[in-house]
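Q: pasting the sequence and the predicted coordinates here, then a few questions.
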Amino acid sequence: MSPQQRFSFRSGGELVDIVKRFGIHWQVAQISRGPLQGSISLQRRSDIAVLQLSTNQIITVLGARPSSITCIALERTNHLSDHAIRGESVTPFTIHGFTPSITESFFKISAGAEMTILMMGMHRFLRLIEMDPSSGLLDTINSNNSLTLVPALFQRLMNLLDPNQELPPADLLDALLVECFSRDARFQSQGVTLSTRAALMRDLLAWGLEHSDTPISLDQLTSTLFASRSSIIQACRETFGVGPTTLLKQIRLHEVHQTLSDPNRSTHLNGQASVGIIAELHGFKSPNHFARDYRLMFGELPRKTLQRARAA
């Protein structure tokens, strides 16, 4: 068994860099305003890995998921007000993400959340599912992506996956998973296929993360996403709590923050480390408006971020 790897992060970019060390490829956007403080840990052995993610801000994650593994995610703190799996809200005592056909991660985490993700080989997981004597459970997990457990069973699974303890013995974990996925389990189908709204927001977020140096108008967005203004605005406000142009501006602000926080990265941009030049490279033309928006987002002026990075 490998020792637990634990890291802290203060930006979405730092989280992306950390999970790359684990062999995980995510894109991360912070949704709520304020300085981000989070931690992530990973324990693994040959058959399973357990990832623990906590954050003081709302963040959204996009990423590819290898077809060779399955993921079973649960929220430890019941901070579910802003939680969403594949665009769908989360109810207490549920586990998510196990549908074999899903090949991407798309989830939103509430501020104050502590999310645990169990990762195991798909073949091993399917062998457990095939132990169902009715032979109908495989069809069920192919058409459902969430499972509500009775509170006592949810607590047992949460205790077994405690990030502060050693990974559980394989036979003990297998037995509990078989119990969780019994024929009496309450499955929920939402999230297997993205809803129209969720797919639109996934595409919006992906565009923003891939073009974090490019401002875009709402009219341009309608052409890019092949959706109406009203559809984009309504879906974005319902999903992220802000309008689409605000969301994309926040993503650009985070890219500036990441650059200012990393002296090596900022120095490589045109050979400069100037706040104004870095801001302009990410589409911010008005220094005053940029400084105001940056302070609202991160609780400090951009020059303070750069000064702290240089002093580190």
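A: Right, received. Where do you want to start? Values in this document were obtained by computation on a predicted structure and should not be read as measured data.

Q: for burial, what's the neighbour tally of residue 256?
A: Close neighbours of residue 256, defined as other Cβ atoms under 10 Å, add up to 27. Placement of C-beta: from N, CA and C, glycine included.

Q: actually residue 184, sorry about that
A: The burial count for residue 184: 7, using other Cβ under 10 Å.

Q: am I right that it is in a strand?
A: No: Residue 184 is assigned coil when assessed by DSSP: H, G, I helix; E, B strand; the rest coil, not a strand.

Q: how close does it sit to residue 219?
A: Counting by Cβ to Cβ, to the nearest Å, the gap from residue 184 to residue 219 is 52 Å.

Q: wait, residue 168 sits on residue 160?
A: Yes: here residue 168 lies in contact with residue 160, judged by Cβ atoms under 8 Å, at a distance of 4.8 Å.

Q: pull out the buried positions in the longest helix anywhere in the chain.
A: For the chain, the helix with the greatest residue count under DSSP state H is helix 244-261. In terms of neighbour count (16 or more other Cβ atoms under 10 Å), helix 244-261 has its buried residues at 244-245, 247-261.

Q: export that helix as PDB, just CAs?
A: Extracted C-alpha coordinates of helix 244-261, given in PDB (Å, rounded to 0.1, in the frame of the first residue of the first chain):
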ATOM      1  CA  PRO A 244     -22.900  33.200 -18.300                       C
ATOM      2  CA  THR A 245     -20.700  36.300 -18.900                       C
ATOM      3  CA  THR A 246     -20.100  36.600 -15.200                       C
ATOM      4  CA  LEU A 247     -19.100  32.900 -15.000                       C
ATOM      5  CA  LEU A 248     -16.700  33.200 -17.900                       C
ATOM      6  CA  LYS A 249     -15.200  36.400 -16.400                       C
ATOM      7  CA  GLN A 250     -14.600  34.500 -13.100                       C
ATOM      8  CA  ILE A 251     -12.800  31.800 -15.000                       C
ATOM      9  CA  ARG A 252     -10.500  34.400 -16.600                       C
ATOM     10  CA  LEU A 253     -10.000  36.000 -13.200                       C
ATOM     11  CA  HIS A 254      -8.900  32.700 -11.800                       C
ATOM     12  CA  GLU A 255      -6.400  32.200 -14.600                       C
ATOM     13  CA  VAL A 256      -4.900  35.600 -13.800                       C
ATOM     14  CA  HIS A 257      -4.800  34.700 -10.100                       C
ATOM     15  CA  GLN A 258      -3.000  31.400 -10.900                       C
ATOM     16  CA  THR A 259      -0.500  33.300 -13.000                       C
ATOM     17  CA  LEU A 260       0.200  36.000 -10.400                       C
ATOM     18  CA  SER A 261       0.500  33.300  -7.700                       C
END
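
Q: for residue 81, give me its contacts.
A: Listed by Cβ atoms under 8 Å, 6 or more residues apart in numbering, the contact set of residue 81 reads residue 110.

Q: for it, which three-state class applies?
A: Secondary structure for residue 81, judged by three-state DSSP, is coil.

Q: how about the backbone phi and psi for it?
A: Dihedral pair for residue 81: phi -60, psi -40, per degrees, to the nearest 10.

Q: name the element the one residue sitting closest to the centre of the chain belongs to?
A: Compute the mean C-alpha point of the chain, and by Cα atoms, centre = their mean the closest residue is residue 61, 2.6 Å away. Element membership of residue 61 [criterion: DSSP states H and E] is strand 59-64.

Q: what's that strand packed up against?
A: In terms of contacts (3 or more Cβ pairs under 8 Å, 6 or more residues apart in numbering; DSSP states H and E), strand 59-64 is packed against strand 26-30, strand 104-109, helix 196-210.

Q: quick revisit: the residue nearest to the centre of the chain bridge partners, please.
A: Judged by DSSP bridges, the bridge partners of residue 61 are residue 28, residue 107.

Q: mind listing the helices for the protein?
A: So, for the chain - with DSSP H - the helices run 12-21, 122-129, 137-142, 151-160, 170-180, 196-210, 218-225, 229-240, 244-261, 263-268, 275-281, 287-298, 302-311.

Q: could those go into TSV alongside mean pLDDT and distance to residue 33?
A: As requested, the helices of the chain are exported to TSV (pLDDT from 0 to 100; distance: least, Cβ to Cβ, whole Å):
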stretch	mean pLDDT	distance to residue 33
helix 12-21	93	14
helix 122-129	91	39
helix 137-142	86	38
helix 151-160	96	30
helix 170-180	93	37
helix 196-210	96	16
helix 218-225	97	21
helix 229-240	97	12
helix 244-261	93	8
helix 263-268	60	23
helix 275-281	91	18
helix 287-298	94	5
helix 302-311	88	15
